[in-house]
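1. have a look at this prediction, sequence included:
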Amino acid sequence: MNVNQSAPPVPPFGQPQPVYLGHHQSSYGGQPGSTTAPTSYGAYNGPVPGYQQTPPPGVSRAPPSSGAPPASTAQGPCGQTAYGQFGQGDVQNGPSSTVQMQRLPGYQPFGSAILAPVVSQPAVLQPYGPPPTSAQVTAQLAGMQISGTVAPASPPSGLGYGPPTSLASASGSFPNSGLYGSYPQGQAPPLGQAQGHPGTQPPQRSVPLQASSFTPPASGGPRMPSMTGPLLPGQSFGGPPVSQPNHVSSPAPQALPPGTQMTGPPGPPLPPMHSSQQPGYQLQQNGSFGPTRGPQSNYGSPYPGAAAFGSQPGPPQPLPAKRLDPDAIPSPIQVIEDDRNNRGSEPFVTGVRGQVPPLVTTNFLVKDQGNASPRYIRCTSYNIPCTSDMAKQAQVPLAAVIKPLARLPPEEASPYVVDHGESGPLRCNRCKAYMCPFMQFVEGGRRFQCCFCSCINDVPPQYFQHLDHTGKRVDAYDRPELSLGSYEFLATVDYCKNNKFPSPPAFIFMIDVSYNAIRSGLVRLLCEELKSLLDFLPREGGAEESAIRVGFVTYNKVLHFYNVKSSLAQPQMMVVSDVGDMFVPLLDGFLVNVNESQAVITSLLDQIPEMFADTRETETVFAPVIQAGMEALKAAECAGKLFLFHTSLPIAEAPGKLKNRDDRKLINTDKEKTLFQPQTGAYQTLAKECVAQGCCVDLFLFPNQYVDVATLSVVPQLTGGSVYKYACFQVENDQERFLSDLRRDVQKVVGFDAVMRVRTSTGIRAVDFFGAFYMNNTTDVELAGLDGDKTVTVEFKHDDRLNEENGALLQCALLYTSCAGQRRLRIHNLALNCCTQLADLYRNCETDTLINYMAKFAYRGVLSSPVKTVRDTLITQCAQILACYRKNCASPSSAGQLILPECMKLLPVYLNCVLKSDVLQPGAEVTTDDRAYVRQLVTSMDVAETNVFFYPRLLPLTKSPIENTTEPPAVRASEERLSNGDIYLLENGLNLFLWVGASVQQGVVQSLFGVSSFSQITSGLSVLPVLDNLLSKKVQGLIDSLRAQRSRYMKLIVVKQEDKLETLFKHFLVEDKSLSGGASYVDFLCHMHKEIRQLLS
């Protein structure tokens, strides 16, 4: 069957459909004009404020200023939307104002020097640079390339125009404790022009063409074999080498005979424009690495003695050894910015199969019209190979990152709840898939054919409905399961344990009252907070009060249970000292309703800190505490969550006792993997029992030294819980972070006692799973608890051939108990395209999701393989992905070119960040516990979280006008981008730094810190003073908004330039070489190029 039918026509009935709020039917099936659905990187429309009006053709352009500052300091005011290199006083890089300006998306330098013009065309158009020197030809410095459409081979070098863009060689070799060899002769891969694929694109990825016109020059220029027109006016023959901007194509004027010379005055170059299509080619989203800089101070001219813009080159000069220009390689900042500009304004409508959604960094609205929102499911590729041979050849992992209970923005409706009564949800008899928009009704609506296994099923009489003239049910738009990608069914008693409906879940707070916990002030702080926090337990819809019951346990070497029954005047304590054989000493009065027992609970929370104030007990137990909580839930016959607050390694005599096994000497040896493995199997056994009972564990750790996070986190990890870690906890410094995390953790909506299964249509199947859950068999993901932050990542493999017409389908079904004790099924459906051309696979990938999968794959790998092996595996896989693209999709060109697919041009920079992460390459200051903590954290992160975790955001605070309160545009995570006269915020989802340059203006220091000079700022400050001025309010507001975007509270650390804390801050500048031996982005790109060349040769 054809899945495209899931984008149904407008219903023939004109009556309004009351069921859906904002369910816009007329545009179902892909918006008016289905050929212009959003694309992964859309057309660059929209004028750019950074460009000014052009001078008349005779006026020459302003020369590059002699003293342009280096990239790190020169940046336009942040109020401008473009990172343009033209200030307000500069002339426009383009034609007269009658032509609509296009955004120049190449990776513009932040300096103010003026560049040579930039062009890119749908088929390959080689940039015309100076003729190659013999050294260049020998070194085959042809060009680094990002691609989109196919092209013939590069022209021979005798034609008088050089390689796509010749770059000077990179300095030095690729550093890394011998893991990688150096790049041959210290050369960097050169950068080059855009390129593309054969074949047409699927229609829904075409781009609306931009109408634009210009007058071609009087005479033509030399023509490449694949060119559809002459050189654009103003295309320079001299000057610094220029590579093409991303995804921009230029119009194709009338073709001229090859060899026609181009003459005429060198007028101002035209801006890039969209081309009318070449016959047989859909418009491609081409791109290449952005223009290299023009001459600037601190950067020698790329070609010494290069001729002025527009003139013929002089005699060839030998190339000096020069580092690859960081501005000439793909910038994550630019890609994010371009996607926001192109795709942030339009809603993402899910009616069309296989659409690549906007990036996770773009704010966009989703309209569900038959496929699940990307907030619930994101895939590594939305167009999957038809055969397993093709998939093996490409090496692109086929995976989906699924977040079944994702929270939606307020503008989007939560999934509708469908109640089918006692008969329950309608399913396929053979494969048990649930009714969804892709099922096909036949025989007048009396039967339906399953879209997953093709089985024909009878429609029960109560579900029968007639079909319209298109074969669709006439009530399709009245039923969420027939028209939406995501919805919920109320489950019947058959879906419940022991065939009886569940009780509402319970929360048990288990507090460590050993000496460390009391002395640090943790116990008093926690008890004080719980008094008010218990009024905010999660509740269903409009319920007046939460149905969740609560219980309390304190412990050190023994456990204390509390009876807080509402009829008691004072709470009662019962001590269980036999931790080897744990039992719960009371049933009645242990789990209570908060409102009924409010007075007794408050009394208990007042007494706990006093009761243990003089304790001298330093030893703790751990496994018996979890055992006790689970037994309490079992006795109450309900699911629930344990909140454990724990401070030290459990060394007291008891089950699950641990010893200190921290050993840094194991790093970089074959035994390093043991540091990530649990010490004992006892915790896995305990976790299995917890999952069976629906007992989820959230662990809050407050260690002053090694506590063996790798072992203590096993139960939270396998039960779908979370781990929070506050090393060297001090109330005054850390209370805000701890209390914020606790509030969010207690209040968030959780599904309990959950089972998730992912079904697929014939041809692929789910083979591997990553995340915080337990699996008893190969298909069912069991989660004692699942919250809105957790993801399950699923990898798919082929078990048969797919066909392009039908595509491939995924259905994720999650059975869970809601906070009110209601048993529900949440269903998410997604249809993907299938392809027989590798080019289509590479054109529909999503790098952020790919990196999420690869990080999780690597982080699981360290449990069983040496870290070096894991790193090498990642590098090899990345090289194979890019080499396959180079070999099968890009046009033939010199081996010296590095060619990257448009959708994957950030794969090297992001992969390098994963390789340099603390888990795979720890610095000297990173503890074993830190590594284990981050490893389990990343395992269930969603795509947005891994994106910012591996490539942090660096935001300049003083470049935009103070009154502009919007988030400033980010800059690249490199020390080169820091100016000592500015202040920057850096965030990665867990950490938040405020970096203060040594030369910041005194007024700024006064406004932000309330002190008169840089030297008076306290380094390591974690709270900014609240001051009544615009800058202070703007920065505080920005910090609050960043924290609101993340699932964990980010504690602020103020870092002064040249201070000892700066080393920690620089660890997050991921484009630079790291102290632990991690490569810089430039060096890693050179290394990847070498790996790809080895594979190709």
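-> That came through, no problem. Numbering: from 1, shown residues only.
2. report the longest helix in this structure, please.
-> In the chain, with assignment by DSSP state H, the single longest helix is helix 867-888.
3. just how off-centre is it within its chain?
-> Computed by CA atoms, centre = their mean, to the nearest Å, the chain-centroid distance of helix 867-888 equals 20 Å.
4. from the contact counts, what lies against that helix?
-> helix 388-394, helix 838-843, helix 847-861, strand 899-901, helix 907-915, helix 1081-1096 (3 or more CB pairs under 8 Å, 6 or more residues apart in numbering; DSSP states H and E). Every residue, glycine included, has its C-beta placed from N, CA and C.
5. quick one: mean pLDDT over that helix.
-> Average pLDDT, helix 867-888: 96.
6. ok, back up a step: for residue 709, which of the helices and strands packed on helix 867-888 is the nearest?
-> For those, proximity to residue 709 was assessed by CB to CB; helix 847-861 is nearest, at 13.8 Å.
7. now mean neighbour count too, for the helices and strands packed on helix 867-888, in TSV please.
-> Putting the helices and strands packed on helix 867-888 into TSV (neighbours: other CB atoms under 10 Å) gives the following:
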stretch	mean neighbour count
helix 388-394	17
helix 838-843	27
helix 847-861	24
strand 899-901	30
helix 907-915	25
helix 1081-1096	22
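8. redo these as CSV? Include mean pLDDT and distance to residue 713.
-> Formatted as CSV, the helices and strands packed on helix 867-888 follow (pLDDT from 0 to 100; distance: least, CB to CB, whole Å):
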stretch, mean pLDDT, distance to residue 713
helix 388-394, 96, 34
helix 838-843, 96, 37
helix 847-861, 98, 13
strand 899-901, 94, 37
helix 907-915, 98, 21
helix 1081-1096, 95, 31
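9. which of those sits closest to residue 529?
-> Proximity to residue 529 (CB to CB) singles out helix 847-861 among the helices and strands packed on helix 867-888, at 32.5 Å.
10. what angle do the closest one and helix 867-888 make?
-> 150 degrees (axes from the mean of the first three to the mean of the last three CA atoms, to 10 degrees).
11. helices or strands up against helix 847-861?
-> Under the contact rule (3+ CB pairs under 8 Å, 6+ apart), helix 847-861 is packed against strand 377-379, strand 399-402, strand 764-770, strand 792-798, helix 867-888, helix 907-915, helix 928-939, helix 943-950.
12. relative to residue 1060, which of these is closest?
-> Smallest distance to residue 1060 across the helices and strands packed on helix 847-861 (CB to CB): 18.8 Å, for helix 928-939.
13. which helices and strands sit right next to the closest one?
-> Under the contact definition 3+ CB pairs under 8 Å, 6+ apart, helix 928-939 sits against helix 709-712, helix 714-719, strand 723-725, helix 847-861.
14. could you list every helix and strand in contact with the second one?
-> This means helix 714-719. Contacts defined by 3+ CB pairs under 8 Å, 6+ apart place helix 714-719 against helix 682-693, strand 695-701, strand 781-787, helix 928-939.
15. ok now it, how far from the chain's centre?
-> 24 Å.
16. neighbouring contacts of that helix?
-> 626, 678, 683-684, 686-688, 690-691, 695-699, 721-723, 772-774, 783-785, 936, 939 (CB atoms under 8 Å, 6 or more residues apart in numbering).
17. the shortest one too?
-> By CB under 8 Å, 6+ apart, the residues outside strand 723-725 that reach it are 698-701, 703, 709, 712-713, 716-717, 738, 741, 745, 929, 933, 936-937, 1048.
18. then stretch 525-535?
-> Residues outside stretch 525-535 that contact it (CB under 8 Å, 6+ apart): 509, 511, 550, 594, 601-602, 605-606, 608-609, 645, 731, 735, 738-739, 742-743, 746.
19. mean confidence for it?
-> Mean predicted confidence for stretch 525-535 is 97.
20. can I get it in CSV, CA atoms only?
-> Extracted in CSV, the C-alpha atoms of stretch 525-535 (Å, rounded to 0.1, in the frame of the first residue of the first chain):
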residue,chain,number,x,y,z
LEU,A,525,17.6,22.2,54.0
LEU,A,526,15.7,19.2,52.5
CYS,A,527,13.2,18.8,55.3
GLU,A,528,12.4,22.5,55.2
GLU,A,529,11.8,22.3,51.4
LEU,A,530,9.6,19.2,51.6
LYS,A,531,7.1,21.0,53.8
SER,A,532,6.1,23.2,50.9
LEU,A,533,7.0,21.0,48.0
LEU,A,534,4.5,18.3,48.9
ASP,A,535,1.7,20.6,47.9
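21. residues contacting stretch 1060-1072, please?
-> Applying CB under 8 Å, 6+ apart, the external contacts of stretch 1060-1072 come out as 326, 909, 912-913, 916, 923, 925, 950-952, 954, 972-976, 986, 988, 991, 993, 995, 1019-1020, 1053, 1055-1056, 1074-1075, 1080-1081.
22. go through the residues you listed and flag which are in strands.
-> 954, 986, 991, 993, 995, 1053, 1055, 1056 (DSSP state E).
23. between these, which sits nearest residue 842?
-> Nearest member of the ones in strands among the contacts of stretch 1060-1072 to residue 842, counting by CB to CB, is residue 954, at 29.6 Å.
24. coming back round to it: mark which of the contacts of helix 714-719 are buried, thanks.
-> Those of these that meet the buried threshold are 626, 678, 683, 686-687, 690-691, 695-699, 721-723, 772-774, 783-785, 936, 939, by 16 or more other CB atoms under 10 Å.
25. gap between stretch 387-402 and the chain center?
-> Computed by CA atoms, centre = their mean, the separation of stretch 387-402 from the middle of its chain amounts to 19 Å.
26. one more: stretch 357-377?
-> The mean C-alpha position of stretch 357-377 is separated from the chain mean by 13 Å, CA atoms, centre = their mean.
27. okay, buried residues for it please.
-> 357-362, 364-377.
28. kindly report the same for stretch 960-979.
-> 960, 962, 967-974, 976-979.
29. and what of stretch 339-356?
-> Here stretch 339-356 shows 339-343, 348-356 as buried, counting by 16+ other CB under 10 Å.
30. show me what contacts residue 652?
-> Per CB under 8 Å, 6+ apart, neighbours of residue 652: 556, 557, 579, 619, 620, 621.
31. same deal with residue 431?
-> 450, 452, 453, 455, 759.
32. can you lay out those as TSV showing pLDDT and secondary structure?
-> Formatted as TSV, those follow (pLDDT from 0 to 100; DSSP: H, G, I helix; E, B strand; the rest coil):
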residue	pLDDT	secondary structure
450	97	coil
452	96	coil
453	95	coil
455	96	coil
759	97	strand
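33. turn the residues you listed into JSON lines, including distance to residue 414 and neighbour count.
-> Shown next, in JSON lines, are the contacts of residue 431 (distance: CB to CB, whole Å; neighbours: other CB atoms under 10 Å):
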{"residue": "450", "distance to residue 414": "27", "neighbour count": "24"}
{"residue": "452", "distance to residue 414": "26", "neighbour count": "21"}
{"residue": "453", "distance to residue 414": "30", "neighbour count": "15"}
{"residue": "455", "distance to residue 414": "31", "neighbour count": "13"}
{"residue": "759", "distance to residue 414": "23", "neighbour count": "21"}
